[in-house]
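Student: Predicted structure and sequence below. I'll ask about it afterward.
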Amino acid sequence: KQEVTQIPAALSVPEGENLVLNCSFTDSAIYNLQWFRQDPGKGLTSLLLIQSSQREQTSGRLNASLDKSSGRSTLYIAASQPGDSATYLCAVTTIGGGSRLTFGEGTQLTVNP
Amino acid sequence: GAVVSQHPSRVICKSGTSVKIECRSLDFQATTMFWYRQFPKQSLMLMATSNEGSKATYEQGVEKDKFLINHASLTLSTLTVTSAHPEDSSFYICSASSGTGDFQPQHFGDGTRLSIL
C-alpha cells in the first residue's frame, strides 16, 4: 500500500527566504507525482506535475524534483512571499491504481512579512 | 478551463439530518469523479470513486449506505451523508477527471465544510 509522508509538518520563514519542502513515498512504481497548494477552507490547486520519467519541473519561483528510485521529491520555493502562505500537499499516482491519488499530510507554510 | 464547482460551500445542520453535496464539472465531461474527506490538519482521504452511469467504488472502511454517491450525468455527482452525526463533521472535497485510462488529471472543487450539531 502506497504511503506518502511530508516533512516538515509546519514551517515558518521570513519573507524572501528560499525554502525546501520534502515528500517521500514508499512504492516507487508511480506514474507521476504532483504538488498542490491548499488555502484554508479551500480546495486544491495543482502547482507542478512530474512524470515518473522526469527529474524536475519548474514554474516561476517553484521547482520540484523527483528521485523515483529513492522515493523522494522536493519542492523548492525561491524568494518566498507572504502570499505563498498555504498548505502544500504532495500526491502520487501509483501504477495499477488507476487515477487514484495518494496524498501526504501536507506542510503548512507561513511566510512572515 | 477544467472548472469544478462544489455546492454548498458550508452547511450546518442537526444530528440525524441527511445532507446532499453537489459536484459539477462546468466546462468538461467528467467520466470519473472522486470524493475525499479531510479532517483538520490531515490529508485528503479518498472515500469513493464514481464513474458516470455505474455504481461507485468505495474505499475500505467507508460505509456505502452512509455515504450515498450518485453520478447520473457526465457533469454532476452528488454525495449524500445520510442521518449525519457529529462524527461526520469534516471537509468534503470532490474532484473530476475526463477520459479513461491509467491517469487522468483531477480537477478539484473548493470543498464543503459540513458541521453536524
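Tutor: Okay, I see it.

Student: ok, and what's touching the host helix or strand of A:Val13?
Tutor: Per DSSP states H and E, A:Val13 falls inside strand A:10-14. Identification of contacts with strand A:10-14 by CB atoms under 8 Å, 6 or more residues apart in numbering or on different chains yields A:Leu19, A:Leu21, A:Ser80, A:Thr107, A:Gln108, A:Leu109, A:Thr110, A:Val111, A:Asn112. C-betas here are computed from N, CA, C, even on glycine.

Student: who in chain A is up against chain B?
Tutor: Residues of chain A found near chain B (CB under 8 Å from any CB of the partner chain) are A:4, A:9, A:31-32, A:41-46, A:49, A:89, A:93, A:95, A:98-101, A:103-106, A:108.

Student: Quick check on the residues you listed: which are buried?
Tutor: A:4, A:31-32, A:42-44, A:49, A:89, A:93, A:98-101, A:103-106, A:108 (16 or more other CB atoms under 10 Å in any protein chain shown).

Student: My read is that A:Ala78 contacts A:Glu17, right?
Tutor: No. A:Ala78 is beyond contact range of A:Glu17, at 9.4 Å (criterion: CB atoms under 8 Å).

Student: Please report phi then psi for B:Glu87.
Tutor: phi -70, psi -10 (degrees, to the nearest 10).

Student: is the residue nearest to the spatial centre of chain B in a bridge, and if so with what?
Tutor: Residue closest to the average C-alpha location in chain B (CA atoms, centre = their mean): B:Trp35, at 3.4 Å. Under DSSP bridges, the beta-bridge partners of B:Trp35 are B:Ala48, B:Cys94.

Student: Could you report the separation of A:Ala91 from A:Arg100?
Tutor: In this view, A:Ala91 and A:Arg100 are 10 Å apart by CB to CB, to the nearest Å.

Student: go on, B:Gly61?
Tutor: Counting by CB to CB, the gap from B:Gly61 to A:Arg100 is 15 Å.

Student: same check, this time on A:Leu19
Tutor: Distance from A:Leu19 to A:Arg100, by CB to CB: 29 Å.

Student: do B:Leu79 as well
Tutor: Counting by CB to CB, the gap from B:Leu79 to A:Arg100 is 17 Å.

Student: repeat for B:Ala56
Tutor: The value you get for B:Ala56 to A:Arg100, if CB to CB is used, is 13 Å.

Student: do B:Val11 as well
Tutor: 27 Å.

Student: got a list of what A:Ser28 touches?
Tutor: A:Lys68, A:Ser69, A:Ser70, A:Gly71.

Student: Just the buried residues of the residues you listed.
Tutor: Applying 16+ other CB under 10 Å to these flags A:Lys68, A:Gly71 as buried.
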